[in-house]
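# Here is my input, please return the structure:
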Amino acid sequence: MSTTTIRIPDELKARLSRIAAQEGTSTHGLILDAIAEKADALERRHAFHEEARERLAEMEASGMGIEWDDMERYLRARMAGEEVPLPASKPIRG
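Sure, this is the predicted structure:
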């Protein structure tokens, strides 16, 4: 494990200390958890954007895609707990 020094404004340090005490952990542990959560969120966002770029490239290369109205109906049905098939791809309108 390595050591990194960070400067934290006094007000934030006090907030972190208070929250850590309420959570029954140390300020150090709270800060490590917060950094890990932020890193996880950023990694998920970058992976999401990369997947979106790849899917767009596939769609452009194939000339096929799912129309928004079809996808919206599909997503609404899925959110309602229905098991519905994914809409069929169609040629992209130009």
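
# Not counting its own residues, what contacts stretch 2-18?
Residues from elsewhere that reach stretch 2-18, judged by C-beta atoms under 8 Å, 6 or more residues apart in numbering: 27, 30, 31. Using the backbone N, CA and C atoms, a C-beta is placed for each residue, glycine as well.

# all helices for this protein, in order.
10-23, 27-62, 68-79 (DSSP state H).

# Can you add distance to residue 1, mean pLDDT and mean neighbour count and give these back as a markdown table?
Output for the helices of the chain, formatted as a markdown table (distance: least, C-beta to C-beta, whole Å; pLDDT from 0 to 100; neighbours: other C-beta atoms under 10 Å):
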| stretch | distance to residue 1 | mean pLDDT | mean neighbour count |
| --- | --- | --- | --- |
| helix 10-23 | 19 | 97 | 12 |
| helix 27-62 | 10 | 97 | 11 |
| helix 68-79 | 43 | 97 | 12 |
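
# Among the ones you listed, which comes closest to residue 93?
Residue 93 sits nearest to helix 68-79 of all these, at 10.9 Å, using C-beta to C-beta.

# Now do that closest one: distance to the chain's middle.
21 Å (C-alpha atoms, centre = their mean, to the nearest Å).

# okay, that helix in CSV with CA atoms only?
Extracted in CSV, the C-alpha atoms of helix 68-79 (Å, rounded to 0.1, in the frame of the first residue of the first chain):
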residue,chain,number,x,y,z
TRP,A,68,-37.0,4.9,-31.3
ASP,A,69,-40.8,4.3,-31.1
ASP,A,70,-40.2,0.5,-31.1
MET,A,71,-37.4,0.8,-28.5
GLU,A,72,-39.5,3.1,-26.3
ARG,A,73,-42.4,0.5,-26.3
TYR,A,74,-39.9,-2.2,-25.5
LEU,A,75,-38.3,-0.3,-22.6
ARG,A,76,-41.6,0.7,-21.1
ALA,A,77,-42.8,-2.9,-21.2
ARG,A,78,-39.6,-4.1,-19.6
MET,A,79,-39.9,-1.4,-16.8
